[in-house]
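Participant: quick one, structure for this:
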Amino acid sequence: MTNLLLISAVEQLIMENISIQTSQNIAIEQPIASVGERIVAAGLDLIFIGAYSMFIAGTAHSILKRPGIAILLFLPVLLYHLVSEVAMDGQSWGKKIMKIKVVKCDGSQTTFSSYLIRWILRLIDVTLFFGGVATLVLLINGKGQRLGDIAAGTAVIRLKKKSFETEIYTDIPENYNLKYPQVSKLNDSDIAIAKEVVDFLGDSIYSEESREMAEKARKALENK
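Facilitator: Okay, here's the model as predicted:
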């Protein structure tokens, strides 16, 4: 466990981000979940699956002698990852605890077919080789993707802590047309800073200080 935590800490230092393109053509940098985080999440999921299996085996021993009912009772074990990720927007219980989730690399909503592809290929890169193939591909790929992710066009990212005060996104109409395409040159950090300036100007008395700050912000955005 100590070695695993050390590996995760080292990965944290060299962690790469993945650039996810939104529907407004804005690239948002998201931190990729480390191999250590994904291993811990998989271990937690295995504990939950094992606990359920032991419970069923212990409480329904006589019923399990009937093949049809036995298959039905153990379907949750087989479908655990598929159902949980579909139901919890890209997270199993292990991923939820570790605060990581599955997302589409192109910024679109993750579809059932994407989760299904990941689940099918999980048999190859996780189940059959005890996670060895998945770990190897993750280390080589460097984009938070195992074979299932590559095929489905997904990645597993670490969720950033957000608050309503720092949230920079808002709902917009479906037919909205982007008026300033140059905004695609800004990253989420630039936009967050610009929002802070706008909020400051809105809350402050119009003064020399506020005019100076607005002018500096304007020049900085023009330079971008």
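Participant: can you pull the pLDDT of residue 20?
Facilitator: Per-residue confidence (pLDDT) for residue 20: 69.
Participant: which elements pack onto the longest helix along the chain?
Facilitator: Longest helix of the chain, by residue count under DSSP state H: helix 35-59. In terms of contacts (3 or more CB pairs under 8 Å, 6 or more residues apart in numbering; DSSP states H and E), helix 35-59 is packed against helix 2-14, helix 75-87, helix 93-98, strand 100-104, helix 132-141. C-betas here are computed from N, CA, C, even on glycine.
Participant: now with 10 Å?
Facilitator: Applying 3 or more CB pairs under 10 Å, 6 or more residues apart in numbering; DSSP states H and E, we find helix 35-59 packed against helix 2-14, helix 67-73, helix 75-87, helix 93-98, strand 100-104, helix 132-141, strand 154-158.
Participant: make JSON lines out of those and add distance to residue 28 and mean neighbour count.
Facilitator: Output for these, formatted as JSON lines (distance: least, CB to CB, whole Å; neighbours: other CB atoms under 10 Å):
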{"stretch": "helix 2-14", "distance to residue 28": "20", "mean neighbour count": "11"}
{"stretch": "helix 67-73", "distance to residue 28": "42", "mean neighbour count": "12"}
{"stretch": "helix 75-87", "distance to residue 28": "21", "mean neighbour count": "16"}
{"stretch": "helix 93-98", "distance to residue 28": "20", "mean neighbour count": "20"}
{"stretch": "strand 100-104", "distance to residue 28": "10", "mean neighbour count": "22"}
{"stretch": "helix 132-141", "distance to residue 28": "20", "mean neighbour count": "16"}
{"stretch": "strand 154-158", "distance to residue 28": "10", "mean neighbour count": "23"}
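Participant: determine which of the ones you listed approaches residue 54 most closely.
Facilitator: With CB to CB as the measure, helix 75-87 is the member of those nearest residue 54 (11.0 Å).
Participant: tilt between that closest one and strand 154-158?
Facilitator: Inter-element angle recorded for helix 75-87 and strand 154-158: 80 degrees (by axes from the mean of the first three to the mean of the last three CA atoms, to 10 degrees).
Participant: quick one: residues in contact with helix 75-87.
Facilitator: With contact meaning CB atoms under 10 Å, 6 or more residues apart in numbering, helix 75-87 is reached by 42, 45-46, 48-50, 52-53, 56, 71, 90-96, 101-102, 110-112, 114-116, 118-120, 122, 126, 148, 154.
Participant: buried ones among these?
Facilitator: 42, 45, 48-49, 56, 90-96, 101-102, 110, 114-115, 118-119, 122, 126, 148, 154 (16 or more other CB atoms under 10 Å).
Participant: ok, back up a step: any idea how far the longest helix of the chain is from the middle of the chain?
Facilitator: 20 Å (CA atoms, centre = their mean, to the nearest Å).
Participant: ok, now stretch 122-137?
Facilitator: With CA atoms, centre = their mean, you get 20 Å for stretch 122-137.
Participant: average pLDDT across that stretch?
Facilitator: Rounded mean pLDDT across stretch 122-137 is 90.
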